[in-house]
Structure formats: C-alpha cells, structure tokens
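S.K.: Requesting a structural model of the entry that follows:
(one chain, ligands or ions: 1)
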Amino acid sequence: MAGSRRTVPFREIIPGLRHLGRAFWPQIRQQRAMIGLSLLVLLFSIAVRVLEPWPLKLMFDWIIMPQAPTAGSDTTTALEAPGFLAGPGVLLGSMVVALIILTVLRAVSEYYSRVGMAVAATRIVTDVRARLFRHLQQLSLRYHHQAKSGDLVTRFTYDVERLRDTAVTALLPLAANLITMTTMIGIMLWFDWQLALIPVAVLPLFYLTSARTSRAVQQVVREQRRRDGALAAATAEVIGAIKYVQALSLGSLQEKVFARQNRKSLKHGAKAQRLAAGLETKVDIILVVAKGLVLWRGVYLVVTGAITPGTLILFITYLQFMFRPMRQVVKYLTRIARATASGERILEVLDTPLDIRDRPGAVEAGPIKGRIRFDHVCFSYGQRQPVLSDIEFAIEPGQRVALVGASGAGKSTLLALMLRLYDTDSGRILLDGRDIRDYRVDSLRRQFSIVLQDSVLFAVSIGDNIAYGDLEANSAAVERAARLANAHDFIMQLPDGYNTVIGERGATLSGGQLQRIAIARAVIRNAPVMLLDEPTRGLDNINRAEVVRALQRCSAGKTAVLVTHDLLASRGFDRILVIRDRHIEASGSHEELMRHNGFYRKSYLEQYDEQTEQAGAYPALQRLASR
Ligand code: ADP
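M.R.: Residues are numbered from 1 along each chain as shown. Next comes the predicted model:
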C-alpha cells in the first residue's frame, strides 16, 4: 500500500472496520431499518447541539450588550432583533425557554439514537454469535483438537460483547462528534474565517500528535487480546483437569504459570492506559494554546467591533465542545482497536473453512442396509507419518466386527473416518456401495449410533440424555431403550428416576452406569450401524459384564463395529480384524485367529489368564468368556 511507512492512526482501523462490516454485512443488513432510524435521530440531535449555544449568543447580543458594534464580517446584523419587537424581559424569557427546549430535545434525541443503536447492535451480535456457534459445531475435529476451548469461549463471550459495546460507546459518538465538529467549523468559518483558522490549524497538529500513539495503542491492544485469550485457555485447561492438578499437587506450579500470564496481561492493559493518558496530556496543551489564541484574537476583534461579544461566546462554546472529544479520541480509538482485534478473533473462527462439508450434489443417506467397505484407505493426522495405510476390508449388513490391536494402532481413527469426522487422505469408504462423501454429512451420521470410551453426558436429566440419541423419542421409548441397555433398574433407584440431573462430568454415576446410559442413547437412535469405541475400558468386571451383555443385546441384527482392547468382549463378534503397523494384519473368527495369528493368540492368552483368575469370583464374566 502506498505510503505505508507513514504512521497513520486510522490506517489499520478503517480497513479493519471495513473488513468487519463486510463480514457481518448479512447480519447488519437485517437491522438496516433500525440503524437508519437511529442515524436520522442522531442527525437531528447534532443539529440541535449546534443550535444549543445560540440563545446564549443572542442574549449577549440583544439583551446584555445591545449597543455592541455589528460592523465588519459579523453576519449577526441580519439577525439583529431590536428591542421594539419585544421588551427585554420577554426576549430574555424566550431565550431561556429556547435554551431549555434545545437542551431537552438534544438529550432526548441522543437518548433515542443511542438506544436504537444499542438495540440494533445487540440484535446483530446475537446473530453473529449464532453464526459463530453454528460454524464452530461444523468445524472438523482437526480444528477442535488444536483449538483451545477457553480461548474459543472468550471469543464467544468477551469478543462478541466488545463488538456490541464499541458500536454504541465508540463508533456512534465518534461519528456524531465528527459531524458536529465539521458543522461547527463551517459555522465558525462563516462568521469569521480568520478566527476560525485557529481551531482549524489545531486539527493537523492534533493528528500528527496522536498518530504514533494511536498506532502503538492498537498494537498493545491486539497483543493484550491475544494474551487474554491465552489466559482464558490456560485457566480452562486447569479447571478441566482439576482432578489431576490436585492429585499430582500441581497447584502451586499452575499458580505460578497463571500468575505469569496474568501479570503479562496486566502489563499490556496498563501500557495501553499509559499511552492514552500521555496523549491526553499533549492534546490538552495543544488545545489550551489554541483556546488562548482564539480568546486573544477574539477579544481584539470584539473590541475593534469586527464581531459581537455573542459571536465570541459562540466560538468559545463551540471550541469547548469540539475539544472535548479530541481529548478523548484516543479512548475511542482504543475501544475501536479493541473491537477490531475482537472482530478479527471472531472472523478467524468464521473464516476457517469447513473441511468436512457436503459436496455439491450430495444425496440424503436414506435408511441404509449397513454394508461398509474400506477401499485402500490411507490417513494421517497433519504432516505426521500415516496412521493408517492401504486399509482394505468389508463388513456385510448385520455383521458384527471387532477391531483389535495395540493401543495407538489406529482403531478409533477408523471409526472417526466412518463418521466422516475426518476425511481420508486417499482411498474411499463406501457405505452401501456409495462413497460416504457423496452423502450429506448430517444424514450420513444419522446412520450411526455410537458408544464411546468416555461417554459424555450433558447437564440435563438422564431421560433427556438418552433422548439425545433421537430427539423425537417419547418417554416410553426412552424407558424401552434403558431396559434394553440394562440401565432401567439403577435409574429407577436414583432420587428422581429419569428426571435425575447428572452432575457435571457425570460425577454422580459409576463408569459402568454412565456407559449403559450411553448405550441406551445408542439404542434409541435405532441406526443401522453401531460404532462402539472401547465401551468397556476402565470398568471393573461386574460392570464390564453388564456392559458387554447390554451391547450384545442391543447390537443384535445390526451392523456393528467394536473397537476394543478387551479380547473377551470381542470374542463373541462374528469377525475380528487385527490392526498392526497401520495395516489389517489378519481377519477371522476368534478360533481362526487363535490358530493362525500369533499376535492375537499371545494377547488373548495374556488377558484370558488374568481374567480366568478373577473370573472365578464373577460367574457372569465366566459365562461370557466361554460363550
Ligand atoms: P487406537 O484407537 O488404536 O488406540 P487411535 O486411532 O486413537 O489408536 O490413534 C492412532 C494414532 O493416531 C496414535 O499414534 C495417536 O497418537 C494418533 N492420533 C490420534 N488422534 C490424534 C489427533 N487428534 N491428532 C494427532 N494424532 C492423533
């Protein structure tokens, strides 16, 4: 950009605002009637403000010093209202009434323009927030894995709020002040252009003084926003992992990290304030000199009869009004810079392309039969070496397949690929013979019900948690699913039964109970394919047996893919795939694998020995193991 080395305060703000305006245009457009109306009222309030000092001027010229000379360039001659029209008492009275009416009109119209803008701004940011939320939900796991949740939350709350706030407390007054200033300068030039040149000369001086500071403030503000985001992210991380922080006595270490971040944030906050205050002082000096010059020259003009005392009063009042916002311009610019920084942070999220999206012409996945095929699938997370390479297998409708293999072999990744949480690097995944990318993402995911290792329950009642599997389910269906998932009995023992609200992170239920609720959720969904990711991990034997039983029952007649370490759980499945070194190493029934696959046999025997020892105490598991 030409002249980019010059320090221009608005240089970054204006394009920043323009960018924001363009990005949020659809939301702004919807409020155009409200914004237009508020701007009209604002213009009216500006007109009244410009008129406000006039009664005072006229009082001076007509009542206090009616004999004052009116020669020269002073145009008040035209407005001369001699005493013969009305007595001085009536004149004074009407001036006072005019002053009161003007002030009230200004105050009321300012109030309405402000309220109107605030309403429009609130509606806009509500829409922006909804848009942000929608986008965030659609962003792939690739994005969410590297994003910090605390930072994202501050973008939702603080940054969005800041945008709204700034529109009303900085943009609107700044625009109003600029228009008022221009009008007042125009009137002053009309009265006495020489005298008006003094405040006009202040403008470039003011501009030069504030340029550098404004730029510095913007940089500080942007840095501060980044730091605040980092601080929120760090705090969210600690709160999210508070159990470990306390158990590992990491409290004091975390406190130090927090204190350091907090101090940095504070330092930047203070720096912005210092810069703004410093500039205010400089501007004050410029303004007082200008005012002095106007007085010096103005009094001279009054004495020589070039202007009336009322005109000088008008000048001084206008100057007073013009200079106040000039002192505060840094405050406004800081606020706007903060808002543009906040806006950028929101746009950063909104501009992140959705990498998993519907292809043009994608079709609705109707009720499918459930045939799954991996066709030479390769996949890696980022630039790291591939997690899966050349994966090739097929699952027939109604077949129940277990994926086993060492931890980190890529089993869960396979499930994520089926759900299109990630797209393959190469190769295809076919569902009922069709590439899953040809289905609409939503409809594709509706074909699956899932039970994950750490089932997440939301902070709503257990009944609602189950119904999340199928938002149209009624309470009878919820209970049926819970019975099938072997969860009905323990739910009925809870204080409010199905209405019991589970504490955050499911703290009030055991792992096995949580899993059975998750299974009920999967059951109620009644999707053709069930994906089960380590559903028995971390459970004791009794719970494990309960969960396995529930899973066996619920997956009957469906295509099911179970990812597990637990070779006892996988044993009852129709087919077992062994994943090792990024490939499918073997495939077959338990018996076949025991005969032909050394890795499987060794793993099974290791687990089975352990389990048989313990299983003596748990007949349920024993029965299962020998199925
Ligand atoms: P498994 O389910 O067999 O234990 P995963 O599919 O979870 O294995 O992981 C396979 C490999 O991919 C591991 O090396 C793991 O570290 C890596 N991995 C898993 N998730 C991510 C992710 N979100 N980002 C980067 N690497 C990942």
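
S.K.: who touches Thr564 in this structure?
M.R.: Counting by CB atoms under 8 Å, 6 or more residues apart in numbering, Thr564 touches 402-404, 532, 534-537, 570. C-betas here are computed from N, CA, C, even on glycine.

S.K.: Same question for Gln30.
M.R.: 123-124, 127.

S.K.: Return the subset of those lying in helices.
M.R.: Among the contacts of Gln30, the residues falling in helices (DSSP state H) are 123-124, 127.

S.K.: and which of the contacts of Gln30 is nearest the ligand?
M.R.: Within these, proximity to the ligand (CB to the nearest ligand atom) peaks at Asp127, which comes in at 31.7 Å.

S.K.: ok, so what distance separates the closest one from Leu171?
M.R.: Per CB to CB, to the nearest Å, Asp127 is found 18 Å from Leu171.

S.K.: again, but for Gly343
M.R.: Taking CB to CB, one finds Gly343 at 12 Å from Leu171.

S.K.: more crowded one of these two?
M.R.: Between Gly343 and Leu171, Gly343 has the larger neighbour count (other CB atoms under 10 Å), namely 24 against 18.

S.K.: I'd say the more buried one and Pro15 touch.
M.R.: No - counting by CB atoms under 8 Å, Gly343 sits too far from Pro15 to count as a contact (11.8 Å).

S.K.: any idea which helix or strand carries Val561?
M.R.: For Val561, the host element (DSSP states H and E) is strand 559-563.

S.K.: Who are the packing partners of that strand?
M.R.: The contact analysis (3 or more CB pairs under 8 Å, 6 or more residues apart in numbering; DSSP states H and E) places strand 559-563 against strand 400-404, helix 411-418, strand 529-533.

S.K.: and the first one, which residues are buried?
M.R.: Right, strand 400-404. Across strand 400-404, burial judged by 16 or more other CB atoms under 10 Å covers 400-404.

S.K.: Can you list the strands that that strand pairs with?
M.R.: strand 559-563 (parallel), strand 575-580 (parallel) (DSSP bridges).

S.K.: Deepest in the core, which of those strands is it.
M.R.: By mean neighbour count, with neighbours taken as mean count of other CB atoms under 10 Å, strand 559-563 ranks first of the strands paired with strand 400-404 at a mean of 26.

S.K.: same for the helix or strand following it, what does it pack against?
M.R.: Using DSSP H and E, the helix or strand that directly follows strand 559-563 along the chain is helix 567-571. When contacts are defined as 3+ CB pairs under 8 Å, 6+ apart, helix 567-571 sits against strand 400-404, helix 541-554, helix 598-615, helix 619-625.

S.K.: one more time with 10 Å, if that's ok
M.R.: Judged by 3 or more CB pairs under 10 Å, 6 or more residues apart in numbering; DSSP states H and E, helix 567-571 is in contact with strand 400-404, helix 541-554, strand 559-563, strand 575-580, helix 590-596, helix 598-615, helix 619-625.

S.K.: ok, which stretches of the stretch 51-200 of the chain are helices?
M.R.: For the stretch 51-200 of the chain, helices defined by DSSP state H, counting those that start in this stretch occupy the ranges 54-58, 88-138, 141-146, 149-154, 160-166, 172-191, 193-240.

S.K.: Of those, which is nearest the ligand?
M.R.: So among those, helix 141-146 is nearest, using CB to the nearest ligand atom, at 4.2 Å.

S.K.: which helix is the longest one in the protein?
M.R.: Assigned via DSSP H, the chain shows its longest helix as helix 251-303.

S.K.: what residues does the stretch 401-550 of the chain put near the ligand?
M.R.: Applying CB under 6 Å from any ligand atom, we find that the stretch 401-550 of the chain lies next to the ligand at 405, 407-413.

S.K.: 8 Å - rerun?
M.R.: Within the stretch 401-550 of the chain, the residues that sit near the ligand (CB under 8 Å from any ligand atom) are 403, 405-414, 416, 533-534.

S.K.: how far does the longest helix of the chain sit from the chain's center?
M.R.: When C-alpha coordinates are averaged (CA atoms, centre = their mean, to the nearest Å), helix 251-303 and its chain have centres 31 Å apart.
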